[in-house]
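Engineer: Need a 3D model of the following:
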Amino acid sequence: MTDETTTAPEAASEEKAPAPKFAVQRIYVKDLSFETPQGAAAFQKQWTPKVNQDLSTKTNKIADGVYEVALRITVTVKDNEETIYLIEVDQAGLFTVEGLEGGQLAQVLNVTCPSMLLPYARETIDSTLTKGSFPPLMIPPINFEALFASAVQQAAAKQEAETEAAPESSTH
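Structural biologist: Take a look at the predicted model:
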């Protein structure tokens, strides 16, 4: 009889805390821009390209447990100061994430989701460049875990600096 009363509250607490759930609902191209400012002139000369790549992510909560994560990659290729082409893709996905909060949720939304979107963004960039008659461009692998850890460290350092500066500013 004692065993029954001990296990019943444990079972009830297990029901209240659902197991974490993660699922991909959809992956899609949210925005795509491709520009060749020089037009046909870009194909008439030899160039020594300089590639600049920018990366960012954006997360929106769509509904309870449903998030849209967008990975934006912007690639600008220049020859000296002249832009040969510029391509920007927002590769997005709808993700169901339940049973996670705080740091765990942030980790999934900023590491797991962008890692899943990257191969699609790379393919979109490669395909668009090929259709634009430019050589393929392979975006290198990106360590989202290291980027996230760095962002967390920077945020903590900034908060620490603001906390240290706050008493000084209130005394003046």
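Engineer: all strands for the protein, in order.
Structural biologist: Listed in chain order, the strands of the chain (DSSP state E) span residues 21-35, 50-63, 66-79, 82-98.
Engineer: Could I get those strands in TSV, plus columns for mean neighbour count?
Structural biologist: Where C-beta positions appear, they are placed from N, C-alpha and C, glycine not excepted. What follows is the strands of the chain, written out as TSV (neighbours: other C-beta atoms under 10 Å):
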stretch	mean neighbour count
strand 21-35	13
strand 50-63	12
strand 66-79	19
strand 82-98	19
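Engineer: For those, give me a markdown table that also has distance to A165.
Structural biologist: Supplementary listing: the strands of the chain in a markdown table, determined by distance: least, C-beta to C-beta, whole Å:
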| stretch | distance to A165 |
| --- | --- |
| strand 21-35 | 39 |
| strand 50-63 | 28 |
| strand 66-79 | 32 |
| strand 82-98 | 35 |
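Engineer: would you turn those strands into JSON lines with mean pLDDT?
Structural biologist: Supplementary listing: the strands of the chain in JSON lines, determined by pLDDT from 0 to 100:
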{"stretch": "strand 21-35", "mean pLDDT": "96"}
{"stretch": "strand 50-63", "mean pLDDT": "95"}
{"stretch": "strand 66-79", "mean pLDDT": "96"}
{"stretch": "strand 82-98", "mean pLDDT": "96"}
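Engineer: Can you tell me which of these is nearest to L109?
Structural biologist: Using C-beta to C-beta as the criterion, the shortest distance between L109 and these is 5.0 Å, found for strand 50-63.
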